[in-house]
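Participant: Sequence below, structure please.
(chains A and B)
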Protein chains: 2
Amino acid sequence: MLLECVQPHPLCAETGAEGWLRYAPLDAAQAEKYNSLPASVVLFGNSGVLESAQSELIRGVRGMLGRTLRKEQVLPREKAIVLGTLDALHDAFPELREPPALGKDGYWLTAGRSHGFDCLIITAKTERGVLYGMFALLSKISRNESIVALDEVQQPSAPLRWVDEWDNLDGSIERGYAGNSIFFEKGAVRADLTRAGDYARLLASVGINGCALNNVNADPHALEAGFLPQLARIADVFRPWGVQIALSVDVSSPKLIGGLDTFDPLDPRVADWWKQKADEIYRQIPDFGGFVVKADSEGRAGPSSYGRTPAGAANVIARALQPHGGYLFYRAFVYDHHLDWTNLKNDRARAAYDTFHPLDGKFDDNVILQIKYGPIDFQVREPVSPLFGGLEKTNQAIELQITQEYTGQQRHLCFLIPMWKETLDFDLHANGNSSPVKDLVAGKTFHRPMGGFVGVANVGLDANWLGHPLAMANLYGFGRLAWNPDLSAQAIAEEWTRLTFGNDPQVVQTIDAMQLASWRIYEDYTGPLGAGTLTNILGPHYGPGVESSERNGWGMWHRDDHDGIGVDRTVATGTGFVGQYSPPVAKLYESVSGTPDQLLLFFHHVPYTHVLHSGKTVIQYIYDSHYEGAEKASNYVLQWQSLKGRVDDQRYADVLARLEYQAGHAIVWRDAVCNWFLRVSGIPDTKGRVGNYPGRVEAESMQLQGYVSTDVVPPEDASGGKAVTCPEQLQRCEASYQFKGAAGWYEIDVEYFDLSSGQSRFRVLVGDQEVDEWTADAQLPGMKLSADSSIRRRITGLALRPGDEIRIEGYPDGGERAPLDYVELSTPGQR
Amino acid sequence: MLLECVQPHPLCAETGAEGWLRYAPLDAAQAEKYNSLPASVVLFGNSGVLESAQSELIRGVRGMLGRTLRKEQVLPREKAIVLGTLDALHDAFPELREPPALGKDGYWLTAGRSHGFDCLIITAKTERGVLYGMFALLSKISRNESIVALDEVQQPSAPLRWVDEWDNLDGSIERGYAGNSIFFEKGAVRADLTRAGDYARLLASVGINGCALNNVNADPHALEAGFLPQLARIADVFRPWGVQIALSVDVSSPKLIGGLDTFDPLDPRVADWWKQKADEIYRQIPDFGGFVVKADSEGRAGPSSYGRTPAGAANVIARALQPHGGYLFYRAFVYDHHLDWTNLKNDRARAAYDTFHPLDGKFDDNVILQIKYGPIDFQVREPVSPLFGGLEKTNQAIELQITQEYTGQQRHLCFLIPMWKETLDFDLHANGNSSPVKDLVAGKTFHRPMGGFVGVANVGLDANWLGHPLAMANLYGFGRLAWNPDLSAQAIAEEWTRLTFGNDPQVVQTIDAMQLASWRIYEDYTGPLGAGTLTNILGPHYGPGVESSERNGWGMWHRDDHDGIGVDRTVATGTGFVGQYSPPVAKLYESVSGTPDQLLLFFHHVPYTHVLHSGKTVIQYIYDSHYEGAEKASNYVLQWQSLKGRVDDQRYADVLARLEYQAGHAIVWRDAVCNWFLRVSGIPDTKGRVGNYPGRVEAESMQLQGYVSTDVVPPEDASGGKAVTCPEQLQRCEASYQFKGAAGWYEIDVEYFDLSSGQSRFRVLVGDQEVDEWTADAQLPGMKLSADSSIRRRITGLALRPGDEIRIEGYPDGGERAPLDYVELSTPGQR
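Facilitator: Numbering: from 1, shown residues only, chains lettered A, B, ... in the order given. You can find the predicted model right below:
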């Protein structure tokens, strides 16, 4: 009645929409540190970016300290916070000297005096730098750091710090896991761009300065004349935050929408078409960032149609952008997905280097090669792409994936910063000397004019942007690493947690520990030892699907058979991929002994009985890591539960529900992968776990009424390879069995399948007593019985007695036939 | 995505819908106490009430302890919880002997043995008693009490423990403050009776066994043949909880809907009509509870039309109910609201006794006189109604008001149990010996067959039933007192808080302290010394309205004039009301010295300079109590804020918003009442506060653009007697002034009016900087500028400098003209 929650408000439930810019009130003890903060904020200048900086500073201080700073245009006769570029401040603060370390987009927080009053100065060479400095000051307050006697210069590592969004014009998002597009719906730009503006604000706060709005599998209609004014509306809400917009384009656009009969890059009509199009765009969006190109890849048109190189295609477009200061990002993700998998010399991992290394020096100066961090495709573990080291005369950017396409799709916790850090810190010895990836992509190693970081974000309309509240740490961390790749994963995690959940030490320690362990845990229960994620690469890239990444044109990822596993990529006997690295790196990977365990199967084919550096055999490591990983995933639930009452109820509940789901799905992964390798290798788990599930009763072995047993393909996607489903014409089916264990308190896990095609209902009864009932309405990928749709319901606190009948009733709905895999009993604390 | 909140769930936001039956999980340390709880619950019998008891026990244990008890119909070969009447348990537990103290509706929690196994037995003479015993056990667990070796007999004090709901058939509720009716909408019974069933469960849990569904200002259509099947649907959802439904009826129904030309109770056709109607009802609702009658009161028809007495009217209806076991509650709230107020001998307080005392012994045995606790009408402080002591041969029930009609309407915190306790414990010396009200109404004093408690509840469709989450303690406490009036207010508060917010000692202590102080605090800032609430009795009974309760036919409540205040009700010189009490009580009240300060003005007219027992003058007490009360009300906010993170976010926010509103509205009360008495008495506040508001700037004294000054009637409803409003034809008005105080941090309170007729918008600017903006959309009573609609917006953390222009912009909407009263500045901590 008296409380409105239309706007963010400290009393309103936390949806996550504010991300790390919550500006939640500091408690009194924390706030005391800022008692001497000036009461006024003076802005020198009047651009949109500067006004954002002043307004945001007022908003942040108001939220955290409960004070409204006075908005001034001239220096008051009292101490003040001062915002402005060095040029603008020169007359008022003539003593300020530009620090040598300060460049474009960097900022300087320092002290000054005016009229005898102390001032806290936020300045920079550019207006964008002032904005970044202001966000840095707010971040310090939010993290309860001291702001006394600041004298801090921060300069971003690389000039280009972009995100790509794979949004389609119809509003869907390719590999998006948090609702529809914030930009597009039904083939047009959304009328309400509030969320787009909010997103630009989040991006700016971590120093991101560019955003490609649409799917790299690009719809050429985005370039049509009628669409450009709509895009200009997006640019308008991004501009005050200093974020340039860009577009993904199809290289065949001159033919598809341009009225030409060709898109041959060497045809002057094509060059002219691109020039006209670029001019048209810049007339409406003067600060347009440029284009992203995916060509000759996964069915996209490309210059190969005309026998031209990627350089030819890139340059013709880049030249149209060049007069306007635009950039052309050309994706190095070019490979043949119809590869002959029977030829063991063929290797998709070689493709990027083979294609682009010979073209080094052939690209214009406003072209940036956009290179995925690994040679395959965003796997949980890959070696660093050798192409980073193979370009000395070409701009490059590293492409990281914030959206967790292969790493749990924001249903699983997977903090990717430690992985990105390993990549960025990896030394490719490209010029014979030290050349870590972070220096190569920043253009430092070979003194390139341009370079940087691209993160594929794919935020959506869901209030919390990415789906999993904890996944926002990946977006935050991407921005922070792009700004400063020398930051540690620990430091980034802690910054994010403090900003997002406050400064309670127990909250910070717990969430940081969960985040920092999560990538290795995810790797452990999915695809360890460099075998790739082992996900279903022909389906949604989500649940386990070991077979899918072998024996087809897309997949030659681990080449496991009865005798062994791994891809021999050595020069001596394999695909030769190792030879793409510089000699010091190649030497390491060429030998089994030099290759770290975690990448062994990426580089070498070994018997299952091969003994790792760790002393374990490969096969036992696979078993052990899956059991340990699944157990650690289930411990997240307990870790999180220790925070009840310390984080707000809404986010607490949201995260807990996801962690409980993850704990169950980690077991689906564990069982599928372990059983697959048990079947293929024939080597049993020395600890006797794989294939042996005490307390588990398969649905297909129960007494069935109505339910029929069904083979699941691949069989490892269901326990025992089978499930039961309720035929469409029945309203209800039953599966029951008699409990024969000892009397006591039990937990029952019911493993079932929740498809997107309907909302079945389930009831569980002990004797005639209903002990649980639920509707299968989780939003999981997959239209069929598979590990993608497998989900667990845990029923705790059941008193069972020998002879009890345990019965599951399924009520099918839509195309979903109340499918059931198994039940598993355990006593509390047993798991 | 993964979390559904359609059903109550520990992870879902707390709306208050569960009331005190949340069954929230106990933490591990608390739960350990119940480790040895049996795993089975055996039900002897199979009625709806017994099945509710078994299901509810399972639900409660599941919620609090995470265990699902086994539902058994026969004793298992292990320890068990046993539910059943003594008769039903006899064969299995032949050693159980009925405790002498056990009567109808009472219960017995005890231990027994069967087949060598210990059993926890919940038994009673009646099925309803078993249900009550089960709720008692759950309450112990919820409050973390021991349940070891229970042997406890509890017997309700009185047989009739009813609630009245003043619901109209159109869905509105007279004096309801939490949404529309849970029973009716648009002239019919609601299709969805889920909330009605939930309500019956709440009622049963505190032992309430009857509920009159509709307004005592009764719509006769509820009795029509077509309506009865609809009422039967309500009875069906109430029956499993042992709660009988009843109806309020209009005594003129035989004429209004019966086709007769009379409703004369002595006319045989009228008697026959009531008999036929009762028979018709009981055919459809065999356990129908009976009727409630309001007659010859506030414009309702009554037997006086035919020169008949209330006894005549009551008995004719009661005789129709008698064969079916139904009751007739006849309200003693009969008075003349066209009284000649110029005759100082006239006294509304006398009416009930004058009317009903002479009729003692004339009522049938199934008639109960329903008597409000005081002689006026639910005021914050009244003496006990003398009628309780004036009936020796008539059944009686006390009518208490759970809905806070005169005590803040669930926008203000006012825990009424301490007031009710004072009433119930008051000894009327009715038979020359001790006769506290609680014994009289229970029928104990004069050995009446019937008697009891009626609470006017008026719950609504709002999720939390009563509006203010803390107000549910009044509904809970009513039930507990009706069961056992010897319970202390402290004990009841603590029970409720533990059940509603858990067992955290800080939470329990803080909320209990707030609740227990709240009635006195409300009294202090409204109408102290027995002067009545001083509310607007001609309007919504909400904000201050001192004048309204004088000099009209309804009101002769405090008779204040230039010389003094109070109603002389003595026998010697006044209305003679004191003479309605027994001699020992009358002796006390007849003299000024014998009358306690808190009732002084109810019984005596004294000069403002009269010195109280406390040593203060009356006038200074009025000033002091209002300032102290308002200050204590503002302290609620701080008390509540100390619980942040210890109660769930949603209820935390909801309560905080209400307390902040109350803190502001207490000042409206303070200022209105104090200024009224300053004007009438001409005696200044010795502390100089009244009429002197440093930091306050009246809107009418500001520089106005568009806004026009308006007189508010009565003048004390607005500061300075005036407000400013924005003429309808304008889109925006402004009121501004120049700040002349010292530079510093300030808080600004903006006092404005929020009418029900529109949603104005306000903006506050300092210079050109907007520092706040809001929409006036609180749901307050009142269509005009008044203390009912006066509301405060507090803006904190403003840095002001001498010369600043402070500007309020008002944007009228609908009929609401952005009305503004004043702004008041203070420095933090100053208030």
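Participant: Spell out which residues of the stretch 601-750 of chain A are next to chain B.
Facilitator: Residues of the stretch 601-750 of chain A found near chain B (CB under 8 Å from any CB of the partner chain) are A:645-646, A:648-650, A:652-654, A:656-658, A:660-661, A:743, A:745. All C-beta spots, glycine's among them, are computed from the backbone N, C-alpha and C.
Participant: Please indicate which of these are buried?
Facilitator: Among those, those classed as buried by 16 or more other CB atoms under 10 Å in any protein chain shown are A:648-650, A:652-654, A:656-658, A:660-661, A:743, A:745.
Participant: burial count for A:Leu339?
Facilitator: As a burial measure, A:Leu339 scores 17 neighbours (other CB atoms under 10 Å in any protein chain shown).
Participant: For it, give me its contacts.
Facilitator: A:Leu339 makes contacts with A:346, A:348, A:553, A:556, as judged by CB atoms under 8 Å, 6 or more residues apart in numbering or on different chains.
Participant: how about the helices in the stretch 201-350 of chain A?
Facilitator: Counting by DSSP state H, counting those that start in this stretch, the stretch 201-350 of chain A has helices at residues A:228-238, A:253-256, A:268-284, A:310-321.
Participant: For the stretch 401-550 of chain A, give the residue positioned nearest to chain B.
Facilitator: Nearest residue of the stretch 401-550 of chain A to chain B, counting by CB to the nearest CB: A:Gly467, 6.7 Å away.
Participant: my read: that residue touches A:Gln410, true?
Facilitator: Yes: under the criterion of CB atoms under 8 Å, A:Gly467 makes contact with A:Gln410 at 3.7 Å.
Participant: could you point out which element follows the longest helix along chain A?
Facilitator: If you go by DSSP state H, chain A has its longest helix at helix A:649-681. Elements were assigned by DSSP states H and E; along the chain past helix A:649-681, the next helix or strand is strand A:696-698.
Participant: Out of the helices of the stretch 201-350 of chain A, which is closest to chain B?
Facilitator: Nearest to chain B, of all the helices of the stretch 201-350 of chain A, is helix A:228-238, at 20.5 Å by CB to the nearest CB.
Participant: what comes up buried for that closest one?
Facilitator: A:228, A:230-235, A:237-238.
Participant: Turn those into a markdown table, including pLDDT.
Facilitator: Shown next, in a markdown table, are the buried residues of helix A:228-238 (pLDDT from 0 to 100):
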| residue | pLDDT |
| --- | --- |
| A:Leu228 | 98 |
| A:Gln230 | 98 |
| A:Leu231 | 98 |
| A:Ala232 | 98 |
| A:Arg233 | 98 |
| A:Ile234 | 98 |
| A:Ala235 | 98 |
| A:Val237 | 98 |
| A:Phe238 | 98 |
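Participant: In contact with A:Glu751, which residues?
Facilitator: A:664, A:668, A:719, A:790-792, A:820-824.
Participant: Select from those every entry located in strands.
Facilitator: If you go by DSSP state E, the contacts of A:Glu751 have A:790-792, A:820-824 in strands.
Participant: out of those residues, who's nearest chain B?
Facilitator: Comparing the ones in strands among the contacts of A:Glu751 against chain B with CB to the nearest CB places A:Ile791 closest, at 8.9 Å.
Participant: Can you give me the separation between the closest one and A:Leu131?
Facilitator: 44 Å (CB to CB, to the nearest Å).
Participant: Who has more neighbours out of the two?
Facilitator: Neighbours were counted for A:Ile791 and for A:Leu131 using other CB under 10 Å; A:Leu131 has more, 31 against 19.
Participant: ok, and the closest non-adjacent residue to that one?
Facilitator: A:Ala53 (4.5 Å; CB to CB, 6 or more residues apart in numbering or on different chains).
Participant: Regarding stretch A:546-558, how distant is the last residue from the first?
Facilitator: 9 Å (CA to CA, to the nearest Å).
Participant: outside of it, which residues touch it?
Facilitator: A:336-341, A:346-348, A:376, A:527, A:531-532, A:534-539, A:559-560, A:565-567, A:601, A:672-673, A:676-677, A:714, A:716.
Participant: hmm, try it at 7 Å
Facilitator: A:337-339, A:341, A:346, A:348, A:531-532, A:534, A:536-539, A:559, A:565-567, A:601, A:673, A:676, A:714 (CB atoms under 7 Å, 6 or more residues apart in numbering or on different chains).
Participant: if we can go back for a sec, would you mind finding the most buried of the helices of the stretch 201-350 of chain A?
Facilitator: Neighbour counts (mean count of other CB atoms under 10 Å in any protein chain shown) averaged over each of those peak at helix A:310-321, with a mean of 24.
Participant: Averaged pLDDT, that helix. What do you get?
Facilitator: Average pLDDT, helix A:310-321: 98.
Participant: do the same with stretch A:508-524
Facilitator: Mean pLDDT, stretch A:508-524: 98.
Participant: could the ones in strands among the contacts of A:Glu751 go into JSON lines alongside pLDDT and distance to B:Leu328?
Facilitator: Listed next are these as JSON lines, based on pLDDT from 0 to 100; distance: CB to CB, whole Å:
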{"residue": "A:Ser790", "pLDDT": "97", "distance to B:Leu328": "64"}
{"residue": "A:Ile791", "pLDDT": "98", "distance to B:Leu328": "59"}
{"residue": "A:Arg792", "pLDDT": "97", "distance to B:Leu328": "59"}
{"residue": "A:Leu820", "pLDDT": "98", "distance to B:Leu328": "58"}
{"residue": "A:Asp821", "pLDDT": "98", "distance to B:Leu328": "63"}
{"residue": "A:Tyr822", "pLDDT": "98", "distance to B:Leu328": "63"}
{"residue": "A:Val823", "pLDDT": "98", "distance to B:Leu328": "58"}
{"residue": "A:Glu824", "pLDDT": "97", "distance to B:Leu328": "61"}
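Participant: No further questions, thank you.
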